[in-house]
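J.: Mind folding the following:
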Amino acid sequence: MIDPTAIPAGKWGESVAGVDYTRILERVKLSVQRARLMSDEDLEAADHAHEVGTYHAPTQPGVIGLRTGPGVFFPEVPGVPTLAAIIDDIWLADRDLSKTLTSETVTQYYVFLVRTILEGSETLNLSTIKKLFADMWQLKIVAWGVFRALHGATIAVDEPLELGPFTIYNWEAHGDRIELRYPPHYPGLHKRHRPGEGDLWICTEVVARDSDRAVEIADERFEQFEAVIAFMLGWDARWQEIGILNYQPTTRLDVIVLTEEHYGGHRGTERRGTGIPVDVDAPWFRNTDVGHDLLWKYLLEDYGTKGAVDLHSRVLRTVIWAGKASRDRDCGRKLVQFLFALEALFSQQDHTQTLSERLAECVALCLGDTSESRRSYAKRTKDLYEKRSALAHGRTQSIVPQDRRDAHTFVRDCARAFLTRPELSVLKSIKDFNEWIFAEKYR
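T.: Predicted structure coming up:
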């Protein structure tokens, strides 16, 4: 269970990260000088005149959807920050806010402030800007359980299934537990809300100041869950898919081939999407021999307040890129993403080697156990990287299925090496890995 106090909230006039109030004030002054109040009729006139800008009908902060008065029009003027730029300044000025509020919520607070200034009930000065941040900081940080329907999967109904930061529920069998953990506003919530297809829901807990930001954070995690599962499925990811946001149901694609003279006939049926549901209770998804158990642990680390250690985070990014590649049907995109995965694992700020040389050396030393095999791995990695670069830069490049298979194998085996080999799994940083590389080359 998440402790909402794990993320420190700012106080009046204070900042977790150190906000440059003076800079923001100067930019807000430019914006407010050009902004003006507009009724719906005035807005319509501006629209007919093709005046470029952004119009907002402000609501009282914290009161959803309740219009409180005239709107504010922010015209786009050369040399004056746009509304979007001002919102970015405020939202990104403090990590505490950007992690816990949506930019839309910040817009709500800012536009309401501008309207009060234009109406004369508020004066724009440094204290005004500090109070704007203070008002947002004082919004309560809450632990949210975010649920989405999970498709293409089955679990045993006895107990909810926990996989790192995710819990999978059978909506019928575990509904009472959900209701107990998250008391609903009215009885029987678990019976009224269920997935449109299937009966599984997946939940992750996040901390945020508003529910929209909680959903944004959770959806990023759900995308990662899909990718991690696809990595674990490996070659089967094209046919066995577990989906939340990117689920592709099974479809049948028939084809008929014709010429002017001949009927080529029905050439068979291709099935796309998932077939048999995947049992995520299966031991494979927590297998210790290939390191799947550690991936869920690394996700828990990564979502925590301290974050994952460097190499654990690199392994996660590698697995996520590989999972995305596994789900892609295009061979060229697959190859590019598999090479992105290797870059995520091994790249560094070092001008003594090209990236191609760095990847070739790392793959060779991680996977090869003889001089001959290491030379072979290095040569093949450079060849794959050259094809990836050609694709990424728009040059014509022939990609054959073996390219995709080799890239997939290299990424999978390198990730597993960091998860299962004692001498690599204990490393914490890229510096530690570089020292291992040096020792391995000269042993």
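
J.: after the helix or strand of the chain with the lowest mean pLDDT comes which helix or strand?
T.: When each helix and strand of the chain is scored by mean pLDDT, DSSP states H and E, strand 263-272 comes last, with a mean of 58. In the C-terminal direction, the helix or strand that comes right after strand 263-272 (DSSP states H and E) is strand 278-279.

J.: Packing partners of that following strand?
T.: The contact analysis (3 or more C-beta pairs under 8 Å, 6 or more residues apart in numbering; DSSP states H and E) places strand 278-279 against strand 153-154. Every C-beta, even on glycine, is put in place using the N, C-alpha and C of the backbone.

J.: Got the domain ranges for the chain?
T.: According to automatic domain parsing, the chain comprises the domains 4-137, 141-283, 309-441.

J.: Any chance of a markdown table for those domains, columns mean neighbour count?
T.: A markdown table is the format used below for those (neighbours: other C-beta atoms under 10 Å):
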| stretch | mean neighbour count |
| --- | --- |
| domain 4-137 | 16 |
| domain 141-283 | 16 |
| domain 309-441 | 18 |
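
J.: so which of these gets nearest Asp289?
T.: Among the domains of the chain, domain 309-441 comes nearest to Asp289, with 7.0 Å by C-beta to C-beta.

J.: what's the span of the closest one from first residue to last?
T.: One end of domain 309-441 to the other measures 25 Å (C-alpha to C-alpha, to the nearest Å).

J.: just stretch 301-318 next, same as before
T.: This stretch, stretch 301-318, spans 16 Å end to end (C-alpha to C-alpha).

J.: In three-state terms, how would the residue in the chain sticking out farthest from the centre be classified?
T.: Distance to the chain centre peaks in the chain at Glu261, reaching 52.5 Å (criterion: C-alpha atoms, centre = their mean). Assigned by DSSP: H, G, I helix; E, B strand; the rest coil, the conformation of Glu261 is coil.

J.: Residues in a beta bridge with the spatially closest residue to Ala57 that is not a sequence neighbour, which ones?
T.: Using C-beta to C-beta, 6 or more residues apart in numbering and skipping the chain neighbours, the partner closest in space to Ala57 is Gly71 (4.3 Å). Note on Gly71: beta-bridge partners by DSSP bridges are Met38.

J.: Pull the contacting residues for the closest residue to Phe133 other than its chain neighbours.
T.: Leaving aside its sequence neighbours, Phe133 sits nearest to Val19 (C-beta to C-beta, 6+ apart; 6.1 Å). Residues near Val19 by C-beta atoms under 8 Å, 6 or more residues apart in numbering: Ala93, Asp94, Phe133.

J.: What of Leu339?
T.: The neighbourhood of Leu339, defined by C-beta under 8 Å, 6+ apart, consists of Leu359, Leu384, Tyr385, Arg388, Ala407.

J.: one more time with 10 Å
T.: With contacts defined as C-beta atoms under 10 Å, 6 or more residues apart in numbering, Leu339 is in contact with 321, 325, 355-356, 359, 381, 384-385, 387-389, 391-392, 407, 410-411.

J.: so how far is the host helix or strand of it from its chain's centroid?
T.: Leu339 belongs to helix 331-346 when assigned by DSSP H and E. When distances are taken as C-alpha atoms, centre = their mean, to the nearest Å, helix 331-346 is centred 17 Å away from the chain's centroid.

J.: re earlier: between the domains of the chain, which gets nearest to Gly291?
T.: Nearest of these (C-beta to C-beta): domain 309-441, 2.5 Å.

J.: looking only at pLDDT, what's the mean for that closest one?
T.: Averaged over domain 309-441, pLDDT sits at 93.

J.: For Trp296, which non-adjacent residue is spatially closest?
T.: Leaving aside its sequence neighbours, Trp296 sits nearest to Gly164 (C-beta to C-beta, 6+ apart; 3.0 Å).

J.: shouldn't that neighbour be in contact with Ala308?
T.: No - in this structure, Gly164 is not within contact of Ala308 by C-beta atoms under 10 Å, at 11.5 Å.

J.: got any residues that touch both of these two?
T.: What both Gly164 and Ala308 touch, as defined by C-beta under 10 Å, 6+ apart, is the set Lys297, Tyr298, Leu299, Leu300, Glu301, Asp302.

J.: Can you tell me which of these is nearest Leu126?
T.: Distance ranking of the shared contacts of Gly164 and Ala308 against Leu126, using C-beta to C-beta, places Asp302 first at 37.5 Å.
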